[in-house]
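Novice: what follows is a predicted structure for the sequence shown.
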Amino acid sequence: MDIVFIDTPDTSDITGLESVVRHREQLLSTLLQASHKASSLHQNVLASLTLPIAAEDPLLIFKTFKQGSADEIFFWAHPEEQSAFVGVGAAITIEATGLTRCASAAAQWHAIQEHAVITASSIHLGGPMLFGGFSFDPLLPSQQLWQDFPDALLILPLLHYHYSGTRAALTINQPVNEGDDIARLADEISARIRSLHEAIEAENGAGTVQDKASLQLSIQNLLPESAWKSKVADAVKMIQSGAFEKVVLARGVRVVNTAEEAFDIGAVLPQLYKTYPSAHIFAFQRGQRTFVGATPEPLIEAHNKQLRTMPLAGSAPRGETEAEDRRLGTELLHSAKNKVEHEIVVVTIQKVLASLCSTVRVEDTPHLLRLKNIQHLATTIVGDLLPGHSLLEALQDLAPTPAVGGFPRKPALEFIRKQEGLERGWYSGSIGWLDMQGNGEFALALRSALIEGNQAILFAGGGIVADSHPESEYSETCWKLQVMLRGLRGKD
Ligand SMILES: C=C(O[C@@H]1C=C(C(=O)O)C=C[C@H]1O)C(=O)O
């Protein structure tokens, strides 16, 4: 990989997206260098240029990218940390299937990096990043509902906006082939950026909330309530007979806007952003569908060779009053059933990380993670990655954790495959990003919905152990479904 650090443009020069277009020299020289390499190697070479730009609301950038393009769009934000990424288009698409999908994706990413030509301003690293997700279970036959979302899909966007508080950068990624007309490529890139810039200017100040009058929601369980509860009862019997210790059963709900107007993702995201500031808010548009959610649960994050996760398992509703809320929280912290559910996840993750890290630190006792209408038991786990190991390797070994699958993994997954009857696809799989330095964040894709036009399928599940009750498990899924119902309705 060739990296060239360039001086940061002086601050007066850092304005909107269009300021990047003024750095045509840098764009041309990056493309040209990639073109020379492509000719000598007889293969595609990635050219990438990152420049600082003035910070804009990432939600506005998403909306504009969406209006201006029918391509893939990715949104990822952590509102409390004021960090967000928005990507549009696919410069490079990595797909993989089967149980070794993470290793295969990692090998493809490595090959792309090997010859890449990267120009970046020194203080604003950013640089090329992959965005994407992994399905829950690569052994499930391919599912119609999820046809555009394969087992593993990582995309290097054509344009990627990186936002962190007051700072922002734009990354341009362009694969270059031998013989490509460099000036024409630069013109196309500049035209794309200019039209996005104009769209942002036009959009600035326009409202983001979907007109509520255009929403009339019909909500229907994919499986009748009684049928789902009897699956829970069957799982409890299996657990009591010793087949496994824990299994997570999920269900789906179809929400249709009977007013026939399409759901406006550009209005759903701000709602989630506002209501769930501690969550990771995500959206991935591909084909006609967009997978959207506000997940509270990181699967694995890597920053400077340190891995971090915070499994959640064990849930209770929030109270109506402060006193009731405290009582419910204390009951959750002391509930034997929830502690068992939680401990299974923590121990499993700790073991996996121990094989990849020199040291693993686990919080002594679970703490409460309080969200809008649900609270969970949570444990922070941190490990120092051993040389030669990576985030994608951790992801391959960890997923699915018992927080979304079960324990022991094999019989629990077999039960889900045979009994659950839900096309989980990317729901309870993982979604996130990865850069060239080995940093990245993947979260469990929970509190989520797959949206197409005026229809959405919402997903929620819960951990079943020996003393679980179908009635309370059903209620738990209802609290979890509230996240996306609120998002779709545009209500707190
Ligand atoms: C499966 C879901 O959530 C998971 C299951 C939990 C539980 O069983 O208590 C809690 C958080 C998540 O790990 C979901 O939100 O759909």
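Specialist: Ah, there it is. None of these values were measured; they are calculated from a predicted model.
Novice: what helix or strand is residue 328 on?
Specialist: helix 322-334 (DSSP states H and E).
Novice: that helix close to the ligand?
Specialist: No: against the ligand, helix 322-334 shows no contacts by Cβ under 6 Å from any ligand atom, the least distance being 9.5 Å. Yep, even glycine has a C-beta here, placed from its N, CA and C like the rest.
Novice: helices and strands around the longest helix belonging to the chain, which ones?
Specialist: Criterion DSSP state H: the longest helix present in the chain is helix 182-203. Helices and strands touching helix 182-203, by 3 or more Cβ pairs under 8 Å, 6 or more residues apart in numbering; DSSP states H and E, are helix 18-21, helix 24-41, helix 58-68, strand 159-164, strand 167-176.
Novice: any buried residues in the second one, and which?
Specialist: Think helix 24-41. Across helix 24-41, burial judged by 16 or more other Cβ atoms under 10 Å covers 26, 27, 29, 30, 31, 32, 33, 34, 35, 37, 38.
Novice: let me know the closest of those to residue 154.
Specialist: Closest to residue 154 out of the buried residues of helix 24-41 is residue 34 (20.5 Å), distances taken as Cβ to Cβ.
Novice: list the contacts for the closest one?
Specialist: Contact analysis of residue 34 by Cβ atoms under 8 Å, 6 or more residues apart in numbering lists 45, 46, 47, 116, 117, 174, 176.
Novice: can you tell me which of the helices and strands packed on helix 182-203 the model trusts least?
Specialist: Mean pLDDT is lowest for helix 18-21 out of those, coming in at a mean of 70.
Novice: got a list of contacts for it?
Specialist: For helix 18-21, the external contacting residues (Cβ under 8 Å, 6+ apart) are 9, 13, 27, 49, 51, 53-54, 170, 172, 190, 193-194, 197.
Novice: how about stretch 143-153?
Specialist: 93-98, 101-102, 104-105, 132-135, 138, 284, 286-289, 291, 423, 425-426, 450, 457.
Novice: swap the cut-off to 7 Å and go again
Specialist: 95-98, 101-102, 105, 132-135, 138, 286-287, 289, 291, 423, 425-426, 450, 457 (Cβ atoms under 7 Å, 6 or more residues apart in numbering).
Novice: tell me the residues on the chain that lie near the ligand, please.
Specialist: Where the chain comes near the ligand, counting by Cβ under 6 Å from any ligand atom, the residues are 248, 250, 297, 312-315, 341, 376, 403-404, 428, 446-447, 460-463, 480.
Novice: let's see it at 5 Å
Specialist: Within the chain, the positions near the ligand by Cβ under 5 Å from any ligand atom are 312, 313, 314, 315, 403, 446, 460, 461, 462, 463, 480.
Novice: so the helix or strand encompassing the second one versus helix 322-334, what angle?
Specialist: Looking back up the chat, that one is residue 313. Using DSSP H and E, residue 313 falls within strand 312-317. Computed with axes from the mean of the first three to the mean of the last three Cα atoms, to 10 degrees, the direction of strand 312-317 lies at 150 degrees from that of helix 322-334.
Novice: what is strand 312-317 packed up against?
Specialist: For strand 312-317, the helices and strands in contact under the criterion 3 or more Cβ pairs under 7 Å, 6 or more residues apart in numbering; DSSP states H and E are helix 322-334, helix 336-354, strand 374-378.
Novice: for the ones you listed, which one ends up most surrounded?
Specialist: Highest mean neighbour count among the helices and strands packed on strand 312-317 (mean count of other Cβ atoms under 10 Å): strand 374-378, with a mean of 22.
Novice: which SSE is immediately downstream of it?
Specialist: Assignment by DSSP H and E places the next element after strand 374-378 at strand 381-385.
Novice: mind listing what's buried in that next one?
Specialist: 381, 382, 383, 385.
Novice: right, and the pair among the residues you listed with maximum separation?
Specialist: The widest separation within these (Cβ to Cβ) is 13.1 Å, between 381 and 385.
Novice: coming back round to it: starting at the chain centroid, how far to the helix holding residue 328?
Specialist: Chain-centre distance of helix 322-334: 30 Å, with Cα atoms, centre = their mean, to the nearest Å.
Novice: then that helix to PDB, C-alphas only?
Specialist: What follows is helix 322-334 as a C-alpha-only set of coordinates in PDB (Å, rounded to 0.1, in the frame of the first residue of the first chain):
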ATOM      1  CA  GLU A 322     -38.600   6.500  39.400                       C
ATOM      2  CA  ALA A 323     -39.400   4.200  42.300                       C
ATOM      3  CA  GLU A 324     -40.900   1.500  40.100                       C
ATOM      4  CA  ASP A 325     -38.000   1.900  37.700                       C
ATOM      5  CA  ARG A 326     -35.500   1.400  40.500                       C
ATOM      6  CA  ARG A 327     -37.400  -1.600  41.800                       C
ATOM      7  CA  LEU A 328     -37.500  -3.300  38.400                       C
ATOM      8  CA  GLY A 329     -33.800  -2.600  37.900                       C
ATOM      9  CA  THR A 330     -32.900  -4.100  41.300                       C
ATOM     10  CA  GLU A 331     -35.100  -7.100  40.700                       C
ATOM     11  CA  LEU A 332     -33.300  -7.600  37.300                       C
ATOM     12  CA  LEU A 333     -29.900  -7.400  39.000                       C
ATOM     13  CA  HIS A 334     -30.900 -10.100  41.500                       C
END
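Novice: doesn't residue 401 make contact with residue 344?
Specialist: No: with contacts counted by Cβ atoms under 7 Å, residue 344 stays clear of residue 401, the gap being 9.4 Å.
Novice: residues contacting whatever residue of the stretch 51-200 of the chain ends up closest to the ligand?
Specialist: Proximity to the ligand, evaluated over the stretch 51-200 of the chain using Cβ to the nearest ligand atom, is greatest for residue 136 at 10.2 Å. The contact partners of residue 136, by Cβ under 7 Å, 6+ apart, come to 400, 404, 424, 427, 428, 429.
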